[in-house]
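J.: no sequence on this one, just coordinates:
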């Protein structure tokens, strides 16, 4: 586990099949440890996470990122949150099926990404004191190869062109840091990376 941004920590699990890291993120707000899309722990990750506190809230960006959420619920009593459009497809029912206009733990704001891999695919935006913010994505885009953004393979979508266009909803959010559930994140210049990707020829 490492601190990828001030106060925001990340840990990763290497997926040999996909050829990239699956990443989880965690931060503390008002003495509450919030975890996003938790992958399995590697050596030392569990201890490092618990040094921040006991996971209380686990927020999933989509139904395929439940990952280690059930283990966190059983071991720590954490509540699992997911957008209502994906809630019925989890292996176990979530504790909270949220809407886009619903307040989330830690001051996060969910923005659903239309026409993506699942109907409940959400970005999670965390405002920053400087007026910008941090954008956390699940499967909406992946950081592969490192330094680049890409969509998942085309067969993951009903319409890959609509999926690409759906990402434009993210441009309404102020952010510089782009933290990704899959692949390599952009602690800085994430907005620029997304702009370049959307301006490129599909």
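T.: Cool, the structure landed. All of these numbers come straight from a predicted model, not from anything done at the bench.
J.: which other residues reach the longest strand seen in the chain?
T.: Longest strand of the chain, by residue count under DSSP state E: strand 20-29. The contact list for strand 20-29 (C-beta atoms under 8 Å, 6 or more residues apart in numbering) reads 4, 7-15, 33-39, 49, 52-53, 55, 67-68, 105-107, 126, 136, 142-144, 179-185. All C-beta spots, glycine's among them, are computed from the backbone N, C-alpha and C.
J.: Do a quick rundown of the helices in this structure.
T.: Counting by DSSP state H, the chain has helices at residues 45-52, 69-76, 84-87, 160-166, 190-199.
J.: Return the most buried member of the ones you listed.
T.: helix 84-87 (a mean of 19; mean count of other C-beta atoms under 10 Å).
J.: List the residues that contact residue 193.
T.: Contacts of residue 193 by C-beta under 8 Å, 6+ apart are 148, 149, 178, 186.
J.: Please repeat the previous calculation with a cut-off of 6 Å.
T.: 149, 186 (C-beta atoms under 6 Å, 6 or more residues apart in numbering).
J.: Just the pLDDT for residue 201.
T.: For residue 201, the model assigns a pLDDT of 66.
J.: again, but for residue 130
T.: Looking at residue 130, its pLDDT reads 78.
J.: Run a quick neighbour tally on it.
T.: 8 (other C-beta atoms under 10 Å).
J.: Same question for the one 3 residues further on.
T.: Counted with other C-beta under 10 Å, the neighbours of residue 133 add up to 18.
J.: so it bridges to which residues?
T.: Using DSSP bridges, the beta-bridge partners of residue 133 come out as residue 127.
J.: For it, give its distance to residue 8.
T.: 12 Å (C-beta to C-beta, to the nearest Å).
J.: cool, and residue 98?
T.: In terms of C-beta to C-beta, residue 98 sits 21 Å off from residue 8.
J.: circling back to that earlier point, to residue 117, which of the helices of the chain lies closest?
T.: Of all those, it is helix 160-166 that lies closest to residue 117, at 7.5 Å by C-beta to C-beta.
J.: Need the residues that contact that closest one.
T.: 113, 114, 115, 116, 154, 157, 202.
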